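Q: return atomic coordinates for the entry below.
(chains A and B)
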Amino acid sequence: MIEIRDLTKRFDKTLALQGLDLHVPRGSVYGLVGPNGAGKSTLLRCLAGVYRPDGGEVLIDEQPVWENPAVKRRIAYIPDDFYYFVSANLRDLKNFYQGFYPTFDPHLFDKLAAAFPIDPRQPIRHLSKGMQKQAFFWLALSLRPEILLLDEPVDGLDPVMRRQLWSLVMSDVEKSGLTVVVFSHNLRELEDVCDHVGVIEHGRMLLERTLSQLQDNFVKLQVVFRSEAASLPADLPILHHSVTGKVNTYILRTGAGRVSQVVREMDPIFYDILPLTLEEIFIYELGGADYAVKDIIL
Amino acid sequence: MRSKISSCKPSLPVMQKNLTRFWPIWLSYLLIWMLILPLTLLRETVEWLTDWGINNTVLPCGQSISVILSLIYGFLCAAAVWSYLYNQRSASLYHALPVSREGLFTSHFLSGLGLMVLPNLAIFLISLLLCVGRGLPGTVPILLSWLGAVCLQNLFFFCFATLLAMLTGNLTTHAVVYGILNLTAVVCESLLRFFAQMLTYGLSSQEPVFFFLSPVVYMLREYQIYGADSQNFVELLKFPMLLTYGGVGLALAILALLLYRKRDTERAGDVIAVPFLRPVAKYCFSFGCALVLGYVLHLIIFRGRESLACVLTALLLGGFIGYLTAAMLLKKSFRVFDKKTVAGFCVFALVVTAGLVGMKTDVFGAGRWIPAANQVKSIDVSCPNGKLFWPAENDDPAIVDEILALHRAAIASGAADSGTTFTFRLSYTLASGRTVERRYCVSADTSDPAQPAAILSRLLNDPAQILNTRLPPENAFIASIYFDLYDETYLASGFGYLNTKDFQPLLDAIRQDILAGDYGVWTAEAAASAPTYCLEIEYDLVDDAGKVNASKHIHLNFFRDEAPRTFALLQELEYLRGPSK
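A: Here you go, the predicted model:
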């Protein structure tokens, strides 16, 4: 559904995106992760048609997004730093957006009032940041979009509201085949909702997989060898190795089956193979791309 | 595929939002006009109740007042509707909407214009109802003319501010650039002429010819010529000029649209939002600073010193300040001292130096230029040093040749810097309609008949010429004669307008003085003395049908012991008080 090919975006001398590719299937929830400054917000703005690509293509169903109102009508975009008119309340914004999106559902807007504890007549500027975010979710869901672009969507929300929002979004994914592209630093949360993950770094897509493929491709091995000098064969793709007492902990970029087979042949005292969390995959994958947690002694 | 026209279709939600959101702008505009026009009309209709009175009330409202209001509100409306471009978040909101750039532009443009045009329409309707209600239907043409003039002025200034909104990335820059560009042409041309006059012998700092590039100055200047008695509102409100500016405004709006289509959202907050214009802006700003600050620095540091070195130093200092400021603003940093900046300034300095050296050496020959006799339509020769003013205007070929000889002699003699000197001015009106002015400071020595002073003496002392230049033509209708005298030696003084019955006796007395050789004989030395009294004669040139073709005036200076008959008459008629000569 969403196809980005060789996308380049430059800000004066800074190359924010350099030849980035991205593929989002229809009805999927695509989590975009990456370190600060990787180009995630820029990518989302290109996807929303806010930024003009300097090179490459941003396509939705083979149609370019840039300067294409027909395609943009299918997208709802909630940026991290959303804008509202100074004296506007939610009703004003509803009337404003209703004029642009023929799919805007006023009944849904009224029904969603039950989910959000916000008075629509209250000026947006008087709401807290978390409530403002809720207000924009309220509006975005009322648009009945085909694609929802979210930049740090639940940042600043309390745990109950987070769950509430994700539940509303996932319900739309299930019922109407909504496609969601979400960028968040909260990897634990992404792990719960995403079925596809893309890791972006230095403006390039480092890897792009389904969550299950990603998790199947990384394992954490905890092993106690009979000999202290023993170690795993060098041909195994080891991302990280640490030793605590006699316990060796390995992070490997390979399937559990192969690791299990190799370790069993070494006849260890004890071994255990564990799946990696998305956060661990993110840390170790980027560690390979020279973005590791540094041991700084102060 | 979307057509170009459908993509320009305005978006109603955007227009509605702008009109409701920026209500303080249109409301204040409406209230100001309410005070200026309908309320004044209400008072006028009570006091005058004539079409003539109403016309005289409405007319100035379509001239300078509306120019000033259009200048201010044109900017305010443009700044308001395009303000979303100055902020990354608001720009993202609008550009994420399912509306094309053309559609967004049209919506904002029309709503911005609507912020002024809709109040104009309201004012027009209120005024119309008021006048018609008071039984003055004859005021409809002037009210319609007012509406047309104000809307055209609004259109131009709004379009101009819109184009600048596309070029700039923040409100402060937008306001500053708008203010500067409304005055740039006239200021830069005046200063260039000022420096050229200093460096090139003969050049004069005549009135700028590129006034029209400073729209507000040009419009205000055009509206100074005011004829309340005429009913030709198209002429009085300068509709040809306004239509031209309106057309230019639309062209600027199209250019703004083209820029908007290319504008990147991320340019919000930048000083100049169009990357390729940044170096242009930097050098233009530097050049402007070189002229303006150079002028100020020259006044402060090198006052009265007109050498190339002084002018060059002042201009380079001004340019350096401007160049650094521009570099800092564009880079948003004080750290601009790098090789690139130094190299850029060196190029700028070379260009300025080359320009000034070119002026000094008169590389284009402007100082040496003398028109061919057949190019000349009329010439005004005068001594404008404030001590003697003697206009000589004629189209006699023999006199033109003599004046061209004077011009050649002045160039050949070069600037006089010792002995008794005087300055004279030559103002040519060429067949093409162009006016060229030259100013020369020459020696007062008349011993050599080829010297400028001798030629000027011959020219100005021809009796027929004196009569032509000192007295109005026979068929002129004398409108007024004003006199002003103060002489400490004779303790005589007086000033005021002459009675109509005294016009002819006074003109006869002047004529007798001229024919007797007692008045109007010019000497170069006389240029150094101050006149004792003066007369201003205002007259109209009337055609055979009695229609006034032109209004003119003659300024006559009188020196001590000159024109005894004229002086005696003024005393006899008791215009002058004090002891007789």
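Q: which residue does chain A have closest to chain B?
A: residue A:99 (3.1 Å; C-beta to the nearest C-beta). To be clear about C-beta, it is placed using only N, CA and C from the backbone, and glycine gets the same treatment.
Q: in which helix or strand does the nearest residue to that residue once chain neighbours are set aside reside?
A: Among residues not flanking residue A:99 along the chain, residue B:13 sits closest, at 3.1 Å (C-beta to C-beta, 6 or more residues apart in numbering or on different chains). According to DSSP states H and E, residue B:13 maps onto helix B:12-21.
Q: residues of that helix that come out buried?
A: B:13, B:14, B:15, B:17, B:18, B:19, B:21 (16 or more other C-beta atoms under 10 Å in any protein chain shown).
Q: so how far is residue B:522 from residue B:465?
A: Separation of residue B:465 from residue B:522 (C-beta to C-beta, to the nearest Å): 10 Å.
Q: what's the helix or strand for residue 281?
A: All of this is about chain A. Per DSSP H and E: helix A:278-288 holds residue A:281.
Q: try chain B instead
A: Counting by DSSP H and E, residue B:281 is part of helix B:278-301.
Q: mind exporting the C-alpha coordinates of that helix to CSV?
A: Provided in CSV are the C-alpha atoms of helix B:278-301 (Å, rounded to 0.1, in the frame of the first residue of the first chain):
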residue,chain,number,x,y,z
ARG,B,278,20.0,34.3,-0.5
PRO,B,279,23.2,35.5,-2.1
VAL,B,280,21.2,38.0,-4.2
ALA,B,281,19.6,39.3,-0.9
LYS,B,282,23.0,39.5,0.8
TYR,B,283,24.6,41.6,-2.0
CYS,B,284,21.5,43.8,-2.4
PHE,B,285,21.4,44.5,1.3
SER,B,286,25.1,45.2,1.4
PHE,B,287,24.8,47.6,-1.6
GLY,B,288,21.8,49.4,0.1
CYS,B,289,23.8,49.7,3.3
ALA,B,290,26.8,50.9,1.4
LEU,B,291,24.7,53.8,0.0
VAL,B,292,22.7,54.6,3.1
LEU,B,293,25.3,54.1,5.8
GLY,B,294,27.9,55.4,3.4
TYR,B,295,26.0,58.6,3.1
VAL,B,296,25.6,58.9,6.9
LEU,B,297,29.3,58.0,7.5
HIS,B,298,30.3,60.5,4.8
LEU,B,299,28.3,63.2,6.6
ILE,B,300,29.8,62.4,10.0
ILE,B,301,33.4,61.7,9.1
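Q: for that helix, packing partners?
A: helix B:184-199, helix B:308-331, helix B:339-360 (3 or more C-beta pairs under 8 Å, 6 or more residues apart in numbering or on different chains; DSSP states H and E).
Q: among the helices and strands of chain B, which has the poorest mean pLDDT?
A: strand B:393-394 (a mean of 50; mean pLDDT, DSSP states H and E).
Q: how many residues are close by the closest residue to chain A within the stretch 301-450 of chain B?
A: At 10.3 Å from chain A, residue B:331 is the closest residue in the stretch 301-450 of chain B, using C-beta to the nearest C-beta. Look at residue B:331: counted by other C-beta atoms under 10 Å in any protein chain shown, it has 15 neighbours.
Q: quick one, what contacts the residue in the stretch 151-300 of chain B positioned nearest to chain A?
A: Going by C-beta to the nearest C-beta, chain A is nearest to residue B:265 of the stretch 151-300 of chain B, at 5.3 Å. Counting by C-beta atoms under 8 Å, 6 or more residues apart in numbering or on different chains, residue B:265 makes contact with A:45, A:50, A:51, A:52, B:88, B:91, B:92, B:95.
Q: now stretch A:108-115: average pLDDT?
A: Mean per-residue pLDDT for stretch A:108-115: 90.
Q: may I see the buried residues of it?
A: A:109, A:112, A:115.
Q: surely the first one and residue A:138 touch.
A: Yes: in this structure residue A:109 lies within contact range of residue A:138 using C-beta atoms under 8 Å: 7.2 Å.
Q: related to what we said a few turns ago, what is the nearest of the buried residues of helix B:12-21 to chain A?
A: residue B:13 (3.1 Å).
Q: about what we covered before: I'd like the next helix or strand past the helix holding residue B:13.
A: Counting by DSSP H and E, what follows helix B:12-21 is helix B:23-36.
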